[in-house]
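> Could you work out the structure for the sequence below:
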Amino acid sequence: MRWATRRGVHIDRAASAWLVRRFVDPDAEFVFVADRSEVPADATPFDMRGVELGHQPGPAGQECTFETILRRYDLTDPVLWKLAEVVHEADLEDDRYDAPEAAGLDAVLRGLSMTSDDDVVLAVTGPVFDGLYEYFRRAVLLGRPPT
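The predicted structure follows:
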């Protein structure tokens with residue numbers, strides 16, 4: 001299945017692409033467009049204004065696309081929801097969550113988007129999100145940050 005998002009991938013789009021490929025559609029292909037009108041007919045748009053898989057109101061206020069995808073696909077893994085807190089804070093910066101990792105992740109993604117095209121950003125950030133997922137998975141299992 002093809003998925004489409006805006007060019008200039010940043011935190012929410014990179015994390016959402018990782019989420020889609022890892023937990024929703026392992027064969028996902030991504031296309032990057034300048035505008036919603038350029039989304040191919042066979043693609044599912046995400047992180048664009050006016051699409052289902054974008055920022056949406058949630059139970060506690062505005063949610064980022066990563067959170068919207070978690071709800072839409074009934075992904076209840078508590079590790080994914082912990083990762084969602086980091087993505088939310090890096091993207092929306094509304095101090096809803098205590099996510100000290102957000103600022104560093106935001107800086108890394110901003111820098112990557114300045115030096116690399118969108119395909120490279122997704123290729124590089126996939127292992128980063130895999131690592132964050134594993135870190136939070138172990139933290140959930142241990143009940144404390146892993147050493």
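> Helices along the chain, start to end?
Counting by DSSP state H, one finds helices in the chain at the ranges 11-19, 65-72, 78-92, 101-115, 118-142.
> which of the residues in the shortest one are buried?
Right, helix 65-72. Thr65, Phe66, Glu67, Thr68, Ile69, Leu70 (16 or more other CB atoms under 10 Å). C-beta coordinates here come from the backbone N, C-alpha and C atoms, glycine included.
> Now Gly126. Nearest residue, chain neighbours left out?
Residue nearest to Gly126 in three dimensions, not counting chain neighbours: Trp18, with 5.6 Å by CB to CB, 6 or more residues apart in numbering.
> Reformat the buried residues of helix 65-72 as a markdown table; add distance to Tyr133.
Output for these, formatted as a markdown table (distance: CB to CB, whole Å):
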| residue | distance to Tyr133 |
| --- | --- |
| Thr65 | 17 |
| Phe66 | 12 |
| Glu67 | 15 |
| Thr68 | 18 |
| Ile69 | 15 |
| Leu70 | 13 |
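> which among the residues you listed gets closest to Met1?
Ile69 (13.6 Å; CB to CB).
> show me what contacts that closest one?
Neighbouring residues of Ile69 by CB atoms under 8 Å, 6 or more residues apart in numbering: Ser16, Leu19, Val20, Val24, Phe46, Leu53, Leu75.
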